[in-house]
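**Q** Structure of the sequence below:
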Amino acid sequence: MFLKQKKFLVPFFIVIAVIVSALLWNTGEEKKRIPEKDIAVIYTNDIHTYIKNRDLKDEKKAKNLSYAALSALKDDIAAQGKEVILVDAGDHIQGTAYGDMDKGATIIQMMNETGYALATLGNHEFDYGISRIFELMKKAGFPYVSCNFYKTDDGNLVLPAYKIIEKGGVRIAFIGISTPESITKSTPTFFMDKNDNLLYDFYAGEDGSGLYNAVQKAIDEAKPQADYIIALGHLGVDLSSVPYTSREVIQHTHGLDAFIDGHSHTLIDHEYVADSKGNAVLLTQTGAYFKGIGIMNITKEGEISTEILHEYGRQNEKITEIENGWIKTIDEKLGEKVAVLDTKMFVMDPKNPAQRIVRCQETNLGDLTADAFYYYFNEKLKLDCDIAFSNGGGIRNAINPGDVSYFSAKTVFPFGNQLCVVEATGQQILDALEKGAMFAGVYDETKHIPAESGGFLHVAGIKYEIDSTVTSTVQMDDNGIWLGAPTGKYKVGNVMVYNRGTAEYEPLDLEKHYRLAGANYILKNLGDGMAMFKGIVPVLDFVGEDYIILADYFKSFKKGKDKYPHISTENSPLKAYKNYLLDYENPFGSGRIEINR
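**A** Prediction:
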């Protein structure tokens, strides 16, 4: 009898010991384990399919960062005896012709070859549709994580909230966080059923509480299993992203050791932000377009530090071969010369290269793109188009003087948006301009530049003024989707529409219906939150991709002695429109948008 009891007591005490250990572990008061070996967490964000930094065809920049350089860096650090983990904070499958031509497949192939261990979803991962990102995630040789992307029918997460990776004798939990702006900063209808009901959504909350709670829940679940907890987020620090920024998430949660960020294209080597309990959390972001690669070092002493590399000489030959082959294939498809550009078309401020002025004021490229739509619907399709919109967030890259091609147009418009024409009231047009001008005149203290908005509207066939001293009171829901007119004064005023019959600009009539051209993204799919157009049936839909229409406009300019069209104000086919505002030689456009400061 005694022997039987003794056999029972031994495992009983073992169980008690295990329970006590678990309870002690759960208190969070114990000292963290430190790595047996140094650990390097290599991180990227917002590469946007820039296979080789920004200058994809410049062989003189062989040291520029790329997937081939990233792979070599990873191997070289491992050769130093360190443990290596490679992660990405989102927006990697979309952004240039290289990603768009096969809807992200080759980018995933290169990420697989490079050896990524983990990624989170950026808003542009959804640009090819929900079903496509699900397909690509299955092809990825690495998991995706997101603690706040969920299915509306049951509230369950679509992806695991976090992933624990064990290296160097310690366990690191990476918590994925996707921006709630994904719905409006991708294509809203992709997340909806045929009745406009959301099938997928992001925990957010008007005040950010839904997002903070989702992150805290993931931290609390991961903490008993991990020595270090790192957020892998696509949130950014832009003023326009408040209250969903990485800084605010840190300030409203506790338990994070570090936050690898994306979305705002901000270079943050390292910054310390106090969490809700006053603990310092290391925040970092690499910028965008392979301008930087981040390395987070976790030492054998348990210390965490970061550095950003801006070049790396060695390349992985196998991945270089994939990169070069893919670039050659796309260049052959898109490289046909169609015209010559006589002056640079701007996205960035010529006086401040950190400012994407295309997102906050008129530029010559904004005018050019809107004119391309306006010309196509009026002169090619004869649809009597009154106005054309081109949203600043869709205009991704400048065009330098010299030969231009389909590739040039695709670089400007990499998203492959289809164009349509609708009949909208003057009130809807005014409201769209107002939504786009929300942040005009607002200063972004985090970047020390005027605030930017992807919904800022460049126009053709219309001109308007913005009073930047007026604070926006546009009504929106938690996802930034338009709910109603401003409760106070409009920022936008003196809206004038070009009358092709009289060749004069006339006041916008709020009751009148106008034919409006633009991308399905804003006119049909609620892109940038433009829900004032919701339910409009297009006069003509799926006309063609925006870059094709832009290239067609290139080819419509008068030819020079070299027998190629030359893109200039004097050569524009719209020059025939008397009194129409044109000035492609001015980086800041022809005066269609006046901002009163």
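
**Q** Am I right that Phe190 is in contact with Arg132?
**A** No: checked against C-beta atoms under 8 Å, the pair Phe190 and Arg132 is beyond contact range at 9.2 Å. For glycine as for every other residue, the C-beta is placed from the backbone atoms N, C-alpha and C.

**Q** pLDDT weak spots in the protein?
**A** Counting by pLDDT under 70, the chain shows low-confidence ranges at 1-31, 53-63.

**Q** Apply 50 and report the result again.
**A** Scanning the chain for pLDDT under 50 picks out the ranges 1-29, 54-63.

**Q** domain ranges for it?
**A** 34-323, 335-596 (automatic domain parsing).

**Q** Make TSV out of these and add distance to Thr329 and mean neighbour count.
**A** Shown next, in TSV, are the domains of the chain (distance: least, C-beta to C-beta, whole Å; neighbours: other C-beta atoms under 10 Å):
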stretch	distance to Thr329	mean neighbour count
domain 34-323	8	20
domain 335-596	11	20
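
**Q** quick one: stretch 264-277 to chain centroid distance?
**A** Taking the mean of its C-alpha atoms, stretch 264-277 sits 19 Å from the chain's own mean (C-alpha atoms, centre = their mean, to the nearest Å).

**Q** Only C-alpha atoms, please: export that stretch in PDB.
**A** What follows is stretch 264-277, C-alpha atoms only, in PDB (Å, rounded to 0.1, in the frame of the first residue of the first chain):
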ATOM      1  CA  SER A 264       4.400  55.800 -43.600                       C
ATOM      2  CA  HIS A 265       7.700  55.400 -45.500                       C
ATOM      3  CA  THR A 266       9.500  57.000 -42.600                       C
ATOM      4  CA  LEU A 267      13.200  56.500 -41.900                       C
ATOM      5  CA  ILE A 268      13.400  55.800 -38.100                       C
ATOM      6  CA  ASP A 269      16.800  54.400 -37.200                       C
ATOM      7  CA  HIS A 270      15.700  54.100 -33.600                       C
ATOM      8  CA  GLU A 271      13.300  56.000 -31.400                       C
ATOM      9  CA  TYR A 272      12.100  55.200 -27.900                       C
ATOM     10  CA  VAL A 273       8.400  55.600 -27.000                       C
ATOM     11  CA  ALA A 274       7.000  55.100 -23.500                       C
ATOM     12  CA  ASP A 275       4.300  52.400 -23.200                       C
ATOM     13  CA  SER A 276       1.300  52.600 -20.900                       C
ATOM     14  CA  LYS A 277       3.400  51.600 -17.900                       C
END
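
**Q** Can you give me the separation between the residue nearest to Ser186 when sequence neighbours are not counted and Phe588?
**A** Beyond its immediate neighbours in the sequence, the residue positioned closest to Ser186 (C-beta to C-beta, 6 or more residues apart in numbering) is Phe126, lying 3.9 Å away. In this structure, Phe126 and Phe588 are 33 Å apart, going by C-beta to C-beta, to the nearest Å.

**Q** Phi and psi next, for Ile462.
**A** Phi and psi for Ile462, reported as degrees, to the nearest 10, are phi -160, psi 160.

**Q** give me the beta-bridge partners of it?
**A** In this structure, Ile462 has beta-bridge partners Val497, where bridges are defined by DSSP bridges.

**Q** List the residues that contact it.
**A** Residues in contact with Ile462, defined by C-beta atoms under 8 Å, 6 or more residues apart in numbering, are 386-387, 429, 495-498, 508, 592.

**Q** try it again with 7 Å
**A** Applying C-beta atoms under 7 Å, 6 or more residues apart in numbering to Ile462 gives the contacts 387, 495-498.

**Q** And for Leu508?
**A** 426, 429-430, 495-497.

**Q** Now with 6 Å, please.
**A** The contact partners of Leu508, taken as C-beta atoms under 6 Å, 6 or more residues apart in numbering, are 426, 495, 497.

**Q** quick one: which of the residues you listed is nearest Val470?
**A** For these, the residue nearest Val470 by C-beta to C-beta is Val495; the value is 14.9 Å.

**Q** Please, which helix or strand holds that closest one?
**A** Here Val495 is covered by strand 492-499, with elements defined by DSSP states H and E.

**Q** Can you list the strands that the next helix-or-strand element following that strand pairs with?
**A** If you walk from strand 492-499 toward the C-terminus, the next helix or strand you reach (DSSP H and E) is strand 504-507. Each strand pairing with strand 504-507, determined using DSSP bridges, is listed with its direction: strand 492-499 (antiparallel).

**Q** now the partner strand: how far from the chain's centre is it?
**A** On the basis of C-alpha atoms, centre = their mean, strand 492-499 sits 31 Å off its chain's mean C-alpha point.

**Q** cool, and stretch 532-543?
**A** Its chain's C-alpha centre and that of stretch 532-543 lie 25 Å apart, by C-alpha atoms, centre = their mean.

**Q** what's in contact with that stretch?
**A** Applying C-beta under 6 Å, 6+ apart, the set of residues contacting stretch 532-543 from outside is 418-422, 428, 431-432, 482, 523.

**Q** Please list the members of the residues you listed that lie in strands.
**A** Using DSSP state E, the members of the contacts of stretch 532-543 that fall in strands are 419-422, 482.

**Q** of these, closest to Gly99?
**A** Each of these was checked against Gly99 using C-beta to C-beta; the closest is Leu419, at 20.4 Å.

**Q** right, and Ile295 touches Ile308 too?
**A** No: using C-beta atoms under 6 Å, Ile295 is not in contact with Ile308, being 7.8 Å away.

**Q** Which secondary structure state does Ser590 sit in?
**A** At Ser590 the chain is in coil, as set by DSSP: H, G, I helix; E, B strand; the rest coil.

**Q** ok, and the closest non-adjacent residue to Ala66?
**A** Wrong residue type there; residue 66 is Ser, not Ala. Closest residue to Ser66 in three dimensions, ignoring its sequence neighbours and counting by C-beta to C-beta, 6+ apart: Lys52, at 4.4 Å.
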